[in-house]
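1. return atomic coordinates for the entry below.
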Amino acid sequence: MLIPDNQPLPQRQQIGGKISAFLEQLPKYLGSFSTEYQMPIICFATIITATIAVKIILAVLDVINEITQLNLVFELTGIGYLIWFVFRYLFKASTRQELAAQISFIQKEIVEGQDS
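-> Purely as a prediction, here's the structure:
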């Protein structure tokens with residue numbers, strides 16, 4: 001069914017023509033959009049990825065916490081490390097100074113690493 005040139009196109013064909021013209025220009029629109037808003041897109045994707053990662057980590061930790069013996073082992077390990085840390089670094093003045101020197105060295109590395 002061909003329509004003569006002098007008659008107007010039906011509304012469906014007009015809408016179809018507009019849609020096809022939009023779809024032809026879509027790659028150009030998306031390319032210009034992505035170059036113009038590259039940093040916000042990256043930030044948004046990073047936030048979404050970090051949120052998903054945190055939810056997964058929390059779910060895994062919740063499952064680990066439900067295992068009774070494993071929970072007890074982690075608690076005892078943490079308490080043991082805390083006791084070791086207190087005896088190793090906090091009882092003597094010389095070891096406290098050593099710890100303070102290590103902390104200041106790490107802070108210096110971080111600050112210098114950001115500048116360069």
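
2. local confidence estimate at residue 6?
-> We note a pLDDT of 55 for residue 6 in this prediction.

3. what is the burial count for residue 95?
-> Residue 95: 13 surrounding residues under other CB atoms under 10 Å. Using the backbone N, CA and C atoms, a C-beta is placed for each residue, glycine as well.

4. can I assume it is in contact with residue 88?
-> Yes - the pair residue 95 and residue 88 qualifies as a contact (CB atoms under 8 Å) at a distance of 6.5 Å.

5. what packs against the longest helix along the chain?
-> In the chain, assigned by DSSP state H, the helix with the most residues is helix 38-66. Packing partners of helix 38-66 (3 or more CB pairs under 8 Å, 6 or more residues apart in numbering; DSSP states H and E): helix 68-85.

6. now the angle between helix 38-66 and the helix it packs on, please.
-> 110 degrees (axes from the mean of the first three to the mean of the last three CA atoms, to 10 degrees).

7. next helix or strand past helix 68-85?
-> Sequence-wise, the next helix or strand downstream of helix 68-85 (DSSP states H and E) is helix 93-115.

8. which residues sit against that next one?
-> Helix 93-115 has contacts (CB atoms under 8 Å, 6 or more residues apart in numbering) with 88-90.

9. okay, the most centrally placed residue in the chain and residue 43: tell me how far apart.
-> The chain has residue 50 as the residue nearest its centroid, 2.7 Å off, counting by CA atoms, centre = their mean. Remark: distance between residue 50 and residue 43 (CB to CB, to the nearest Å) = 11 Å.

10. top of the contacts of helix 93-115 by neighbour count?
-> Within the contacts of helix 93-115, residue 89 tops the neighbour count with 15 neighbours, counted by other CB under 10 Å.

11. spatially nearest residue to that one (excluding sequence neighbours)?
-> residue 99 (4.5 Å; CB to CB, 6 or more residues apart in numbering).
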